[in-house]
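In: Compute the structure for the input listed below.
(one chain, ligands or ions: 2)
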Amino acid sequence: MRHLLSLADLSPAEFLGLLELAAYLKERWRQGVIERALAGATLAMIFEKPSLRTRLSFEVAMEQLGGRGIYIRGEEIGIGQREAIQDIARVLSRYHQGIMARVFRQQTVVDLARYGSVPVINGLSDEGHPCQVLADFLTIREHCGAVAGLTIAFIGDANNVARSLAQACILAGSRLVVASPPGYAFTEADRAAFGAQWGTAVRQLHDPAEAARGADILYTDVWTSMGQEREQAARRAAFAGFCIDERLMALAPRAKIMHCLPAHRGEEISDAALESPQSIVFDQAENRLHAQKAVLRVLLARDGAALLG
Ligand code: CP
Ligand code: NVA
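Out: Ligands and ions are numbered 1, 2, ... in the order given. The predicted structure follows:
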């Protein structure tokens, strides 16, 4: 049984295979063909944090595959408080064909996978956002024609999204150049995890202009992630100048603009950048649906594993 806890769980061939399957399912959907590969299946969807895209794209994905996603508020089940995670994982596995969870700690999805007996999908944790970045690379494939050989400049916090982007660049044969203020850069643990790719496929800078110059893609995310609200004022001060705006866009005139959303217009991205013809952020948002259908098809359907070859 496979899980999707991190993009680092995938081989390059599996990552590219998921993108291929997502593109195929998207095309079939455009043609009006509905494949009900998960007829009768249910996905338990645990949310310890808010969501617009993740919740709705998983619900719609399950619906389009013939099944159903069931939303569960983290506060309601109280993982580790009302009930031990071992018990929650086992009970959910008796009702559902899969579990998707948006959690504060990566260890929570690791434990759900460890104690449960159905596939577990990370719908965002402190460490990564693999479903987002699969959708991002589907979007890059559509707009750039390939996912290899590109330079993505990530301007902002070296956070969960940045970490998954780095893992995806390593899998796809592209480069991620991250520009963050001191104190908000990739950690020693990140460097160790990136291994031999650190300094080559993944680079850390502190100057946004240096990172942006000549990039194929300018990507950003919020300065204050969910759960860090108390740090907001300090982060606003530290990230001043780390905004994707006309000044940075002029350094990468052909670059596509990406953002996982929700965006804070006027902070990490200007209105003009978000609304510019180079912005592909709403294609990213749409592709959450198609990329997740590929993930669900592979992990939850009986014939799923065979789809990646
Ligand atoms: N990008 C993303 O995961 O959006 P939500 O937080 O709205 O799910
Ligand atoms: N880094 C952000 C991503 C939101 C989709 C967060 O964790 O809040």
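
In: tell me the pLDDT at the one residue sitting closest to the centre of the chain?
Out: Nearest to the mean C-alpha position of the chain, counting by Cα atoms, centre = their mean, stands residue 132 at 2.3 Å. Looking at residue 132, its pLDDT is 99.

In: Pretty sure residue 288 is one of the things it touches, is it not?
Out: Yes: using Cβ atoms under 8 Å, residue 132 is in contact with residue 288, at 7.0 Å. Where you see a C-beta, it was placed from the backbone N, CA and C, and this is true even at glycine.

In: most distant residue from the middle of this protein?
Out: residue 82 (29.0 Å).

In: quick one on the thing from earlier: pull up the overlap in contacts between residue 132 and residue 288.
Out: By Cβ atoms under 8 Å, 6 or more residues apart in numbering, residue 132 and residue 288 have these common neighbours: residue 54.

In: just to revisit the earlier point, quick one: the residue nearest to the centre of the chain and ligand 2, what's the gap?
Out: 6 Å (Cβ to the nearest ligand atom, to the nearest Å).

In: again, but for residue 58
Out: Distance from residue 58 to ligand 2, by Cβ to the nearest ligand atom: 14 Å.

In: Return the helix or strand where that residue lies as CSV; C-alpha atoms alone will do.
Out: In this structure, residue 58 sits in helix 53-64 according to DSSP states H and E. The C-alpha coordinates for helix 53-64 follow below in CSV (Å, rounded to 0.1, in the frame of the first residue of the first chain):
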residue,chain,number,x,y,z
ARG,A,53,-8.9,24.8,-2.4
THR,A,54,-7.8,21.6,-0.7
ARG,A,55,-11.2,20.8,0.8
LEU,A,56,-13.2,21.6,-2.3
SER,A,57,-10.9,20.1,-4.9
PHE,A,58,-10.7,16.9,-3.0
GLU,A,59,-14.5,16.8,-2.5
VAL,A,60,-15.1,17.5,-6.2
ALA,A,61,-12.4,15.0,-7.2
MET,A,62,-14.0,12.2,-5.2
GLU,A,63,-17.4,13.1,-6.6
GLN,A,64,-16.1,13.0,-10.2
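
In: list the buried ones in that helix?
Out: Neighbour-count burial for helix 53-64 flags 53, 54, 55, 57, 58, 59, 61, 62, 64 (criterion: 16 or more other Cβ atoms under 10 Å).

In: I'd like to know which elements that helix is packed against.
Out: Other helices and strands packing on helix 53-64, by 3 or more Cβ pairs under 8 Å, 6 or more residues apart in numbering; DSSP states H and E, are strand 42-47, strand 68-73, helix 281-300.

In: out of the ones you listed, nearest to residue 128?
Out: Comparison of the helices and strands packed on helix 53-64 against residue 128 by Cβ to Cβ identifies helix 281-300 as nearest, at 13.9 Å.

In: now the angle from that closest one to strand 42-47?
Out: 130 degrees (axes from the mean of the first three to the mean of the last three Cα atoms, to 10 degrees).

In: For whatever residue of the stretch 201-309 of the chain ends up closest to ligand 1, the count of nearby residues, please.
Out: Taking Cβ to the nearest ligand atom as the measure, the stretch 201-309 of the chain has residue 260 as its residue closest to ligand 1, at 4.1 Å. By the criterion of other Cβ atoms under 10 Å, residue 260 has 24 neighbours.

In: now do residue 33
Out: 9.

In: so which of the buried residues of helix 53-64 also contact ligand 1?
Out: 53, 54 (Cβ under 6 Å from any ligand atom).

In: Which one of the buried residues of helix 53-64 is nearest to residue 188?
Out: residue 54 (29.5 Å).

In: My guess is the closest one contacts residue 135. True?
Out: No: using Cβ under 8 Å, residue 54 makes no contact with residue 135, being 10.2 Å away.

In: Mind listing the shared neighbours of those two?
Out: With Cβ under 8 Å, 6+ apart as the test, residue 54 and residue 135 both reach residue 288.

In: quick one, phi psi at the residue lying closest to residue 217 once chain neighbours are set aside?
Out: Using Cβ to Cβ, 6 or more residues apart in numbering and skipping residues adjacent in sequence, the residue nearest residue 217 is residue 152, 4.4 Å away. Backbone torsions for residue 152, taken as degrees, to the nearest 10, come to phi -110, psi 120.
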